[in-house]
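S.K.: Just a sequence and a predicted model for now, questions to come.
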Amino acid sequence: MKRIGLIGGLSWQSTVDYYRIINEESAKRLGGLNNVESIVYSVNLNEMLEHMGKGEVEILGGKFAAVGKKLEEAGADLIVLCTNTMHAACAQLEESIHVPFIHIADATADEIKRLGLHKVGLMGTPFTMGQDFYKGRLRDKHGIEVIVPQESEWNEIYRVIQEELTFGILKDESRKYFLSVIEELRSRGAEGVILGCTEIPMLIKQTDTDLPVLDTTALHAMAAVRLAEELDK
């Protein structure tokens with residue numbers, strides 16, 4: 001398999017899951033004690049969120065582009081940005097590298113289409129839910145209709161992500177709240193729900209609901225392994 005470069009730290013908690021999934025899946029495919037080679041560059045989450053909060057997408061994109069170049073120079077054969085929110089600034093990164101880049105929305109869309117879903121809910125940070133970089137890509141490139149939670153619910157969703165999940169804190173009351181949001185999305189016609197922040201799958205599992213949930217962390221990581229294998233043929 002080709003070498004995978006990961007831009008992580010967004011947060012480091014979910015980057016651990018990326019690393020675990022990539023190694024588990026590649027080991028299954030390669031057999032024995034083998035697993036894919038990978039390089040992780042972990043950035044400062046607070047710094048990146050400050051740029052995002054100020055709308056400094058070009059500055060943010062420039063920083064990710066610089067990291068992408070370092071990973072490429074270090075020998076990465078493909079690059080994954082281990083976050084949903086920061087894909088708002090991925091264009092500069094993708095343009096600056098000469099190896100394949102896997103967009104997290106594309107990896108998610110592949111699974112949505114495999115399941116035969118046409119209208120899905122999207123839970124994530126207010127940036128992901130409110131801006132068009134994610135919803136628009138699903139709509140325009142993949143023909144998938146996307147709805148988001150009521151705006152009155154965004155602050156609590158983001159609070160749980162920032163104050164709990166980013167620190168690995170999992171609370172039953174927060175799980176119940178997220179599940180109530182999922183039910184509200186179902187009532188508005190969602191056939192499935194994208195867990196569109198890489199920390200949310202720490203809290204919400206498919207066993208918690210009978211509505212299909214799209215674990216973007218796992219889907220993105222698995223897509224990286226598949227591409228690493230395909231590039232090696």
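M.R.: Thanks, I have the structure now.
S.K.: in this protein, which helix has the most residues?
M.R.: Criterion DSSP state H: the longest helix present in the chain is helix 12-30.
S.K.: tell me how far it is from the chain's mean position?
M.R.: With CA atoms, centre = their mean, to the nearest Å as the basis, helix 12-30 stands 14 Å off its chain's centre.
S.K.: then it to PDB, C-alphas only?
M.R.: The C-alpha trace of helix 12-30 is given here as PDB (Å, rounded to 0.1, in the frame of the first residue of the first chain):
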ATOM      1  CA  TRP A  12      -6.400  14.900  18.400                       C
ATOM      2  CA  GLN A  13      -9.200  12.800  19.900                       C
ATOM      3  CA  SER A  14     -10.700  12.000  16.500                       C
ATOM      4  CA  THR A  15      -7.200  11.700  14.900                       C
ATOM      5  CA  VAL A  16      -6.600   8.800  17.200                       C
ATOM      6  CA  ASP A  17      -9.700   7.100  15.700                       C
ATOM      7  CA  TYR A  18      -8.400   7.800  12.200                       C
ATOM      8  CA  TYR A  19      -5.100   6.200  13.000                       C
ATOM      9  CA  ARG A  20      -6.700   3.200  14.600                       C
ATOM     10  CA  ILE A  21      -9.200   2.600  11.800                       C
ATOM     11  CA  ILE A  22      -6.500   3.000   9.100                       C
ATOM     12  CA  ASN A  23      -4.300   0.500  10.800                       C
ATOM     13  CA  GLU A  24      -7.000  -2.000  11.600                       C
ATOM     14  CA  GLU A  25      -8.400  -1.900   8.100                       C
ATOM     15  CA  SER A  26      -5.000  -2.000   6.300                       C
ATOM     16  CA  ALA A  27      -4.000  -4.900   8.600                       C
ATOM     17  CA  LYS A  28      -7.100  -6.900   7.500                       C
ATOM     18  CA  ARG A  29      -6.300  -6.300   3.900                       C
ATOM     19  CA  LEU A  30      -2.500  -7.000   4.100                       C
END
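S.K.: can you list contacts of that helix?
M.R.: Applying CB atoms under 8 Å, 6 or more residues apart in numbering, the contact partners of helix 12-30 are 1, 4, 6, 8-9, 33-36, 38, 40, 42, 45, 80, 82-83, 165-168, 198-199, 201-202, 217-218, 220-222, 224-225, 228-229. (C-beta placed from N, C-alpha, C; glycine too.)
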